[in-house]
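Trainee: Need a 3D model of the following:
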Amino acid sequence: MLRWLKTNLTISTQLKLTVFMTFFDLLMTLLWIHSGNATEANPILRYTLEQSTSKFIFVKLAMSLGAIWIFYKNQAHRLVRATVPFIFTSYGFLTIFHLYGLVFYLSYFNFISLVSLNYL
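Mentor: Numbering: from 1, shown residues only. Now for the predicted structure:
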């Protein structure tokens, strides 16, 4: 899998897609926490979330996007080329996990039957 990533997606593309997955992770994390279905596992982010949601958003984006920017600026470095596919894959699995949870969460409210043709 990682070999496929290295040959088919450039480091730059993987980092750009990771930015989108970071924003999705942020939104889903806030949804899960505010709905009472999860808690923040990262102690730094948990502390900032206890302070305020806006601090949480700022710190989460600063940490994530700051690291992505450093990787982006140093794409030619051997360690970056070796690390980014692992980060991209991890965020990919996290995104799938969030999507699975979202489908399960929405099915709890039976949204599918609300939009079915039987009600029209």
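
Trainee: Tell me which helix or strand the residue positioned nearest the centre of the chain sits in.
Mentor: What sits nearest the mean C-alpha location of the chain, by Cα atoms, centre = their mean, is residue 25, with 2.9 Å. Under the criterion DSSP states H and E, the helix or strand holding residue 25 is helix 11-34.

Trainee: Outside of that helix itself, list whatever touches it.
Mentor: Contacts of helix 11-34 with the rest of the structure, by Cβ atoms under 8 Å, 6 or more residues apart in numbering, involve 5, 9, 38-40, 49, 53, 56-57, 60-61, 64-65, 68, 71-72, 75, 80-81, 84-85, 87-88, 91-92, 94-95, 98, 101-102, 105. Bear in mind the C-beta positions are built from the backbone N, C-alpha and C, glycine included.

Trainee: Any of the residues you listed buried? List them.
Mentor: When burial is judged by neighbour count using 16 or more other Cβ atoms under 10 Å, the buried members of the contacts of helix 11-34 are 5, 9, 40, 49, 56-57, 60, 64, 68, 71-72, 80, 84-85, 87-88, 91-92, 94-95, 98, 105.

Trainee: Quick one: mean pLDDT for stretch 82-96?
Mentor: Stretch 82-96 carries an average pLDDT of 95.
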